[in-house]
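# Coordinates only, no sequence provided:
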């Protein structure tokens with residue numbers, strides 16, 4: 001929009017705001033149709049010219065320049081009528097990011113829209129399976145996040161999710177995936193209760209990043225460099241289910257799976273600037289039985305360490321996990337390199353990573369965030385058959401990529417290949433591509 005047209009619209013917004021109108025700009029004369037609007041806005045302190053004393057009304061106005069005008073209008077909102085105030089609120093919402101960069105809080109707008117805020121995302125995805133003779137998958141998902149601000153220190157967060165299998169019109173479900181309350185104690189300490197997100201593993205949570213997180217409680221500390229979290233609860237997503245005595249639905253459970261076993265966890269990380277070091281600890285409750293099914297979780301203890309080293313646009317990363325309870329098939333590690341960063345607000349930005357992964361069944365407790373299904377080839381005990389299926393160890397390469405196509409629209413792709421399985425047939429390559437939208 002030409003600056004002179006934009007300022008004419010803003011002048012209508014400030015009609016009735018008192019000021020002595022005197023035009024200070026050498027390139028705006030009394031013969032110009034917008035002379036009065038520019039003069040009034042200058043007198044009110046809403047617009048400023050360039051250092052050479054000109055207004056340059058023929059130029060396009062940038063978002064940053066308009067955000068400056070909105071910020072100055074916000075300082076005069078007590079003089080606006082209801083209609084003008086509503087228009088200003090819309091402008092403040094549209095230019096919220098630019099106002100934040102100017103150090104202007106849109107607190108009045110936040111109060112006016114109430115204590116509830118919404119956002120969401122949607123995904124359309126295709127997955128080519130790594131499993132022999134398994135059908136490919138074509139699905140969609142939409143998530144709606146709602147946040148209710150209880151007071152300055154407390155909020156309640158919820159997430160509604162619908163997932164749909166486009167290859168089966170009857171397969172669709174809607175659920176409340178998350179609901180938790182968060183209370184902050186000052187700037188650095190917080191406590192959460194309820195069904196909440198949790199992430200284990202680098203590369204976005206390859207070890208665990210289930211949609212429904214975990215049910216439990218946690219306390220955290222974060223000062224910007226040092227981050228510490230500890231909690232207790234049950235994970236809600238994993239390939240490892242209960243072992244039952246028979247195929248019957250009400251059959252006796254011989255061994256509980258990951259989803260039904262209480263666990264204690266602790267996480268910590270420190271950002272040194274030149275590198276970031278992290279550590280994880282997980283302890284599943286119950287008594288471990290060495291004659292039990294090795295990969296099942298009662299009494300098992302795992303720890304992990306990870307390291308990220310940024311080098312300009314590159315990032316070198318690696319991670320190691322160890323199950324201290326088992327005597328075999330008890331470690332997992334990966335190492336890789338990434339480049340770039342896909343920014344949701346900047347079309348054309350992208351990131352690309354490649355990693356080598358070596359994962360034992362006993363060090364993986366399922367529920368990872370990767371879209372390809374390579375890790376599902378690891379050893380597990382069938383719920384309906386009392387025999388082992390899958391691999392005890394799996395090595396493979398994995399490539400992940402994201403590119404921002406438009407503002408709030410990203411293309412995501414993965415390719416897992418060159419897999420080598422122990423005690424099982426080698427899986428096929430697995431790839432996936434998805435379109436993702438934020439709103």
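Great, that's in hand. In this text, all values refer to a predicted model and were calculated from it rather than measured experimentally.

# tell me the contacts of the residue minimising distance to the centre of the chain?
Central residue of the chain (Cα atoms, centre = their mean): residue 204, 9.1 Å from the mean position. Neighbouring residues of residue 204 by Cβ atoms under 8 Å, 6 or more residues apart in numbering: 369-370, 400. Just so you know, the C-beta spots here come from the backbone N, C-alpha and C atoms, and that holds for glycine as well.

# shaky segments in the stretch 251-400 of the chain?
253-255, 289-296, 379-389 (pLDDT under 70).

# Now do the strands in it.
With strands called from DSSP state E, counting those that start in this stretch, the stretch 251-400 of the chain shows them at 253-255, 263-271, 276-284, 301-311, 314-323, 331-340, 350-360, 380-381, 388-389, 393-406.

# Quick one: work out the angle between whatever helix or strand comes next after the longest one and strand 393-406.
Past strand 393-406, heading to the C-terminal end, the next element that is a helix or strand (DSSP states H and E) is strand 409-422. Between the direction of strand 409-422 and that of strand 393-406, the angle (axes from the mean of the first three to the mean of the last three Cα atoms, to 10 degrees) works out to 170 degrees.

# So if we follow the domain assignment, how does the chain break up?
3-112, 121-438 (automatic domain parsing).

# Deepest-packed of those, please.
domain 121-438 (a mean of 17; mean count of other Cβ atoms under 10 Å).

# End to end on that domain, go ahead and measure it.
4 Å (Cα to Cα, to the nearest Å).

# Do you know the pLDDT at the residue nearest to the centre of the chain?
pLDDT for residue 204: 82.

# Phi, psi for it please.
Torsion angles at residue 204 (phi, psi; degrees, to the nearest 10) stand at phi 80, psi 10.

# That one and residue 151, how far apart?
In this view, residue 204 and residue 151 are 33 Å apart by Cβ to Cβ, to the nearest Å.

# likewise residue 123?
34 Å.

# Repeat that for residue 347.
39 Å.

# looking at it, residue 116 is touching residue 155, isn't it?
No: here residue 116 lies out of contact with residue 155, judged by Cβ atoms under 8 Å, at a distance of 10.0 Å.

# list the residues that contact both of those two?
Counting by Cβ under 8 Å, 6+ apart, the residues touching both residue 116 and residue 155 are 147-149.

# Out of these, which is nearest to residue 339?
Set against residue 339, the nearest of those by Cβ to Cβ is residue 147 (33.5 Å).

# Specify the beta-bridge partners of the closest one.
residue 117, residue 157 (DSSP bridges).

# how near is it to residue 73?
27 Å.

# repeat for residue 360
As judged by Cβ to Cβ, residue 360 and residue 73 stand 62 Å apart.

# ditto for residue 324
For residue 324, the distance to residue 73 - Cβ to Cβ - is 62 Å.

# for the closest residue to residue 411 other than its chain neighbours, which residues make a bridge with it?
Residue nearest to residue 411 in three dimensions, not counting chain neighbours: residue 403, with 5.1 Å by Cβ to Cβ, 6 or more residues apart in numbering. When assigned by DSSP bridges, residue 403 has beta-bridge partners residue 350, residue 411.

# ok, now residue 433?
residue 126, residue 413.

# you'd agree it is up against residue 125?
Yes: Residue 433 lies in contact with residue 125 (Cβ under 8 Å); the separation is 7.4 Å.

# Correct me if wrong: residue 390 contacts residue 361.
Yes: Residue 390 is within contact range of residue 361, at 7.3 Å (criterion: Cβ under 8 Å).

# sorry, back to before: mind checking which of the strands of the stretch 251-400 of the chain is nearest residue 233?
It is, among those and with distance given as Cβ to Cβ, strand 263-271, at 7.0 Å.

# Report the distance from that closest one to the chain centre.
Strand 263-271 sits 19 Å away from the centroid of its parent chain (Cα atoms, centre = their mean, to the nearest Å).

# Just checking: what are the partner strands of it?
When pairing is defined by DSSP bridges, strand 263-271 lines up against strand 226-235 (antiparallel), strand 276-284 (antiparallel).

# sorry, back to before: the residue nearest to the centre of the chain and residue 373, how far apart?
From residue 204 to residue 373 the distance is 15 Å (Cβ to Cβ).

# element containing residue 160, please.
strand 154-165.

# Check what contacts the helix or strand following that strand and list those residues.
Note on strand 154-165: by DSSP H and E, the next helix or strand toward the C-terminus is strand 172-185. With contact meaning Cβ under 8 Å, 6+ apart, strand 172-185 is reached by 143, 150, 153-165, 190-197, 211-213.

# do stretch 122-130 as well
Contacts for stretch 122-130 (Cβ under 8 Å, 6+ apart): 135-143, 371-374, 376-377, 416, 419, 427-437, 439.

# Specify the local secondary structure of residue 87.
The assignment at residue 87 comes out as helix when based on DSSP: H, G, I helix; E, B strand; the rest coil.

# per-residue pLDDT, it?
Reported pLDDT for residue 87: 70.

# measure residue 238 to residue 263 for me?
11 Å.

# Mutual contacts of the two, please.
Counting by Cβ under 8 Å, 6+ apart, nothing touches both residue 238 and residue 263.

# Name all residues that make contact with the nearest residue in space to residue 420 that is not next to it in sequence.
Nearest non-adjacent residue to residue 420, counting by Cβ to Cβ, 6+ apart: residue 395, 4.8 Å away. Applying Cβ under 8 Å, 6+ apart to residue 395 gives the contacts 356-359, 419-420.

# Residue 96: which of the residues you listed is nearest?
For these, the nearest to residue 96 is residue 357 (40.2 Å; Cβ to Cβ).
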